[in-house]
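**Q** Predicted model and sequence follow; I will ask about them next.
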Amino acid sequence: MSRERATRRFYRAESYSNLLNFMDRGFTAQEENKWTFEIAWEAANKVGGIYTVIRSKAYVSTEEMGDQYCLIGPYKEHSARTEIEEGPLGAHALNETVQILRNKGFKIHTGRWLVDGNPQIVLMDIGSAAWKLDEYKNELWSTCNIGVPHLDIEANDAIILGYMVADFIQEFRNQAEAFGDGIPARAVAHFHEWQAGIGLIVLRTRHVNVALVFTTHATLLGRYLCAGSTDFYNNLDKFSVDEEAGKRQIYHRYCMERAASHLSHVFTTVSDITGYESEHLLKRKPDVITPNGLNVKKFSALHEFQNLHALSKEKIHEFVRGHFYGHYDFDLDKTLYFFTAGRYEFGNKGADIFIEALARLNHLLKNSHPDITVVAFLIFPAKTNNFNVESLRGHAVTKSLRDTINDIQQKMGKRMYEICLSGRMPDPSELLQKDDLVRLKRCIYALQRDGLPPVTTHNVVDDWNDAVLNAVRRCNLFNTTYDRVKIVFHPEFLNPTNPLFGLDYEEFVRGCHLGVFPSYYEPWGYTPAECTVMGIPSITTNLSGFGCFMQEHIADPMSYGIYVVDRRYISLEGSVQQLAQYMFDFSRLNRRQRIIQRNRTERLSDMLDWRNLGVYYRQARQKALHSVFPDLKEIDEQAIGHIKYPRPISEPPSPTSSRGTTPVASIHGSDDESDSVDEEKELEELRANHH
């Protein structure tokens, strides 16, 4: 299959949207008295992926709506202290509303979020309204029949936040009308996930005239069912949702989520696959799909990301030299770095089939390419008792060898300089003296080790029950000299102060060759999207939102370094074989082919930029506004662009559009000077490998 795929001509995906037409920093919105509130538990509060969505989208939101846009969330001191610059808000109506709520006894923090775009933010101190919890619960029960157990603190907090937000927006409508110079106030309130959803329920049951949008990033029930249930997607229509939610003691949360999705004017999910899940579990089909983007920072030099790859790769080399000391008998120029990372959900994130496929890859490489080595990193935070001694010792002995050699080099240089100054050629015995040799021998002796290089860098708590380590044991991947696939399990997120790597996550990703994310349950999938933006090829699945998005918008994702494993329509064994085959195909590419592929992958970054994907959020807001204020002119509905599909394979590409991504000509003699999308040579280059 890969052979046939590789022979296709490659196309650049033309991404297109008209969001730029609306980027006036809120000037139009101000004239029309239009406001947008975005409410999320993760506003300036780093808990999960939604934080990344809102944080990265802030820039395009403010470019479009300026101070007519405002975020609302709970006040969490540890995050807010470092992320918020407190101060008054930019609009009179907002400040007036905050003052009215403060007079009622609510504690509210306002200011700017210190991220790109500096959006206005309002943070509610949940503790200051906790005394009204019983009153809130009573109202929720009498209007919606949703009862919440006393002991569920998270749900209680969600209720308090929801009612505070509803009070705020209700009051704000009155103020915006008063300050609106006779123009009626039109506000959209966009709520993310069930924790914020109570606010939406309250606004709707109180009949406040506001357009309501609800986005679910993953359904509550879906997350629970996937972790335990074997064949989730083929049985979606058969689940008895109330019973399943009851069994897992999340019935009240499920009711909140379902009520919010049904009471919103516009319901959105982040991907088609989550839409399919919502249809069956929440019983409502999404009106708009709002894919998650990233704030793509373009580098001034076109091939800069290739240089960054080389720099970061060198740091990973340094780690590998230390970790595998004593068994360091492989060629780093023929070593590939694969990695997977994310929340430690062993099955949902596909770590199970990744390790299984690595065992198959090991077998394939041993038989056909014994000179290639693959080092596979698994980065999942787990409970540990700090670094293990073996890992640290490796870095200590390699450091002492490097320091010794540097010292000897300096002394040799001095001696060589002195001897040459005196007008004669130095004799080898004069340069490398006896005590230097003794020091080197000591270092080499210290590099010997009895055991095998460790599979994990930390002492994992309860390691006999650890899912990753058990899978590694079962697959017999113990980093022996004969293994062509080496495993490094790093049970902690990366940061620059890490004594082993000294890299942050982004640098680490740049230094790797391939990201592998064969997830079973992944509503969107930021990890492969981040790889793509950095020009690193990745493996994803047709059960992740990102994988579906790529399949929908690119005729042949594989040619752009996006390998999509089928986890929906074939057996588990079939998926493992397909994943192993993709990794094997990738490991057979030569260096030049990998450079070409990285260039292709990086070309897709425009497609994932919020400047393009933000248009879907705008579409959802417009739809909600039209359903609440039907008198609104529908002028900009037509102007919403969509990402164009690449040209059909049969049509020859015109050079003009294919050069769109290369505004600067490559430097003559650079490694990829002939890298234009239409070059037949490049196609031959990649094709040759598959024959």
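**A** Perfect, I can see it now.
**Q** Off-centre distance for the longest helix anywhere in the chain?
**A** In the chain, with assignment by DSSP state H, the single longest helix is helix 389-421. Distance, stretch centre to chain centre, for helix 389-421: 41 Å (C-alpha atoms, centre = their mean, to the nearest Å).
**Q** average pLDDT across the next helix or strand after that helix?
**A** Once the chain leaves helix 389-421, the next helix or strand it forms, by DSSP states H and E, is helix 428-431. Summarised as a single mean, pLDDT over helix 428-431 is 85.
**Q** again with stretch 452-470
**A** The pLDDT scores in stretch 452-470 average 96.
**Q** Can you tell me the closest non-neighbouring residue to residue 93?
**A** residue 175 (4.2 Å; C-beta to C-beta, 6 or more residues apart in numbering). Bear in mind the C-beta positions are built from the backbone N, C-alpha and C, glycine included.
**Q** Low-confidence regions, the stretch 401-550 of the chain specifically.
**A** Of all residues in the stretch 401-550 of the chain, none has pLDDT under 70.
**Q** What are the boundaries of the strands in it?
**A** Along the stretch 401-550 of the chain, counting by DSSP state E, counting those that start in this stretch, strands occupy 458-460, 485-490, 514-516, 538-541.
**Q** Comparing these, which comes out most buried?
**A** When those are scored by mean count of other C-beta atoms under 10 Å, the highest mean neighbour count falls to strand 538-541 (a mean of 29).
**Q** what's it in contact with?
**A** Residues from elsewhere that reach strand 538-541 (C-beta atoms under 8 Å, 6 or more residues apart in numbering): 350, 514-520, 522, 525, 527-528, 531-532, 546-547, 550, 561-568, 575, 579, 582-583, 601.
**Q** In CSV, could you pull the C-alpha coordinates for it?
**A** C-alpha atoms of strand 538-541 as CSV (Å, rounded to 0.1, in the frame of the first residue of the first chain):
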residue,chain,number,x,y,z
SER,A,538,3.9,12.0,13.1
ILE,A,539,1.7,8.9,13.3
THR,A,540,-1.9,9.5,14.4
THR,A,541,-5.1,7.5,14.0
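**Q** on that earlier part again, residue 424 is nearest to which of the strands of the stretch 401-550 of the chain?
**A** Evaluated with C-beta to C-beta, the strands of the stretch 401-550 of the chain place strand 485-490 nearest to residue 424, the distance being 48.9 Å.
**Q** From the rest of the structure, what touches that closest one?
**A** Against strand 485-490 from outside (C-beta under 8 Å, 6+ apart): 323-324, 355, 358-359, 361-362, 365, 373-380, 453, 455-458, 460, 468-469, 472, 477, 479, 500-501.
**Q** swap in stretch 133-149?
**A** Under C-beta under 8 Å, 6+ apart, the answer for stretch 133-149 is 155-156, 159-160, 162-163, 198, 201-202, 205, 252, 255-256, 259.
**Q** change it to 6 Å
**A** Contact with stretch 133-149 is made by 155, 159, 163, 205, 252, 255, 259, as judged by C-beta atoms under 6 Å, 6 or more residues apart in numbering.
**Q** Going by neighbour count, which of the residues you listed comes out on top?
**A** Counting neighbours by other C-beta atoms under 10 Å, residue 159 comes out on top of the contacts of stretch 133-149 with 26 neighbours.
**Q** For that one, pull up the helix or strand it's in.
**A** Going by DSSP H and E, residue 159 is in helix 153-178.
**Q** Using CSV, write out the CA atom coordinates for the next helix or strand after that helix.
**A** Note on helix 153-178: by DSSP H and E, the next helix or strand toward the C-terminus is strand 186-192. Only the C-alpha atoms of strand 186-192 are listed here, as CSV (Å, rounded to 0.1, in the frame of the first residue of the first chain):
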residue,chain,number,x,y,z
ARG,A,186,-25.9,41.8,21.4
ALA,A,187,-23.7,39.4,23.3
VAL,A,188,-22.5,35.9,22.7
ALA,A,189,-21.5,33.7,25.6
HIS,A,190,-19.3,30.8,24.6
PHE,A,191,-19.0,28.0,27.3
HIS,A,192,-16.4,25.2,27.2
